[in-house]
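A.B. asks: The amino acid sequence is not available; the structure is as follows:
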């Protein structure tokens, strides 16, 4: 009687069914759990790419501030043909620089100077560049944090993939083992 129960548990259909269940579990792991992790990894990658684009844009902005500072230094060092127009461009640029980089502490200082103050230009340009560099640093550190969030997901995917492959191999062995039981 125990031989009969053992034969039922070792029947070929038990091996096949177990092998099929293992293969279904493997497919579920690969297509669902790894898929969910891949979706999160893709979102993180897009965020990292966005941060990189922002960093590149900020570096370009820093370079632009440096070039405009040099332009106004050269313009103010010479004798402009139209001093009123030069002063108008100069103040428009300083206002743009203050508002673009949120440098409100320079507003009162700029209101006190009616003319073209080279020291104000240098201080304002330096403050704008420092603000840009701080923003670049923040974006870079945010990008590093995103990279750190991605690493455990990639590790989980590697583990899940190994488990899925193991289940597939065991499932295949069990399906093939039904033939061994017949002989």
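C.D. replies: Now that the structure is in, tell me what you want to look at. Please read all numbers here as calculations on a predicted model, not as lab measurements. Numbers count the residues shown, from 1 in each chain.
A.B. asks: Could you pull out the helices in the protein for me?
C.D. replies: 2-9, 12-28, 34-77, 83-100, 107-112, 118-182 (DSSP state H).
A.B. asks: got the ones you listed as TSV, with mean neighbour count columns?
C.D. replies: Yep, even glycine has a C-beta here, placed from its N, CA and C like the rest. Shown next, in TSV, are these (neighbours: other CB atoms under 10 Å):
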stretch	mean neighbour count
helix 2-9	8
helix 12-28	16
helix 34-77	15
helix 83-100	15
helix 107-112	11
helix 118-182	15
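A.B. asks: how about those in TSV, adding mean pLDDT?
C.D. replies: Converted to TSV, these look like this (pLDDT from 0 to 100):
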stretch	mean pLDDT
helix 2-9	58
helix 12-28	90
helix 34-77	94
helix 83-100	82
helix 107-112	62
helix 118-182	90
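A.B. asks: can you pull the contacts of the most centrally placed residue in the chain?
C.D. replies: Centroid-nearest residue in the chain: residue 48, 1.2 Å away (criterion: CA atoms, centre = their mean). For residue 48, the contacting residues are 143, 146, 147, 150, by CB atoms under 8 Å, 6 or more residues apart in numbering.
A.B. asks: What distance do you get for the closest residue in space to the third one that isn't next to it in sequence to residue 21?
C.D. replies: The shortest distance from residue 147 to any residue other than its chain neighbours is 6.7 Å, reached at residue 48 (CB to CB, 6 or more residues apart in numbering). In this structure, residue 48 and residue 21 are 39 Å apart, going by CB to CB, to the nearest Å.
A.B. asks: Then residue 50?
C.D. replies: 43 Å.
A.B. asks: thinking again about what came up before, can you add distance to residue 103 and give the contacts of residue 48 back as CSV?
C.D. replies: Output for these, formatted as CSV (distance: CB to CB, whole Å):
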residue, distance to residue 103
143, 25
146, 29
147, 31
150, 35
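A.B. asks: taking those residues as a set, which two sit the farthest apart in space?
C.D. replies: Greatest spatial distance in the contacts of residue 48: 143 and 150, 10.7 Å, computed using CB to CB.
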